[in-house]
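[1] Sequence below, structure please.
(chains A and B)
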Amino acid sequence: NAGVTQTPKFQVLKTGQSMTLQCAQDMNHEYMSWYRQDPGMGLRLIHYSVGAGITDQGEVPNGYNVSRSTTEDFPLRLLSAAPSQTSVYFCASSYLVARAPRGTGELFFGEGSRLTVL
Amino acid sequence: DQQVKQNSPSLSVQEGRISILNCDYTNSMFDYFLWYKKYPAEGPTFLISISSIKDKNEDGRFTVFLNKSAKHLSLHIVPSQPGDSAVYFCAASPYTGTASKLTFGTGTRLQVTL
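    So this is what the prediction gives:
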């Protein structure tokens, strides 16, 4: 039961470097998303996707790119890392329409990736 | 502009007592509300949800109340247990029955003491 898998769990970058946070889910969820969690700010939506080939911006998209070439994978790219991007990043997925038996349509989260930009 | 607000950053409750966590929202387009629980170094996990057509939903020790006219929801945990100590996030979606485009509050840290 893998669920949502994120890699790496920890990463330290220098300002200006680029990197990709990987996210994979094995639940056949149509919807996938990236959030960042910062102290006092809760979880803020960066980008999301409602299916392969379809992505859209969330609340805080600047400095990040995403793509969705398959249902399973939704990588998050930092193009030129900045100290303001130091955060904990969570990937999450769900069905677009709530499915039986639970029918709650909740988001399933990965364990998080802690990124520090120096 | 914080559309989902949890005004209490922390709450301490004795074991066996009721824990009440509050959440306010400003966007009247929100149609579906969820509570998540988060332990340190883990991802948030789903706890309970409520649709805007209901005013109450129960699941074991957890009950969520929704007052749509006041744009307010609350999570009641009865009885509180030490394992309930965690950060609780309130979240809202504009889409009925799905977690698409969830907007989260800032969280309330609950500590259940012995």
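
[2] Nearest spatial neighbour of the residue most central in space within chain A, chain-adjacent residues omitted?
    Central residue of chain A (C-alpha atoms, centre = their mean): A:Trp34, 2.5 Å from the mean position. Take A:Trp34 and drop its neighbours on the chain: the residue closest to it by C-beta to C-beta, 6 or more residues apart in numbering or on different chains is A:Ile46, 4.3 Å away. Yep, even glycine has a C-beta here, placed from its N, CA and C like the rest.

[3] Who are the contact partners of the one you found?
    A:Ile46 makes contact with A:Ser33, A:Trp34, A:Tyr35, A:Arg36, A:Gly58, A:Glu59, A:Val60, A:Pro61, A:Tyr64, A:Val66, A:Leu76, A:Tyr89, according to C-beta atoms under 8 Å, 6 or more residues apart in numbering or on different chains.

[4] Show me which residues of stretch A:78-93 are buried.
    Applying a neighbour-count criterion of 16 or more other C-beta atoms under 10 Å in any protein chain shown, one finds A:Leu78, A:Ala81, A:Gln85, A:Thr86, A:Ser87, A:Val88, A:Tyr89, A:Phe90, A:Cys91, A:Ala92, A:Ser93 buried in stretch A:78-93.

[5] Kindly report the same for stretch B:48-64.
    B:Ile48, B:Ser49, B:Ile50, B:Asn57, B:Phe62, B:Thr63, B:Val64.

[6] can you pick the most crowded of the contacts of A:Ile46?
    Neighbour counts for the contacts of A:Ile46 peak at A:Ser33, which has 29 neighbours (criterion: other C-beta atoms under 10 Å in any protein chain shown).
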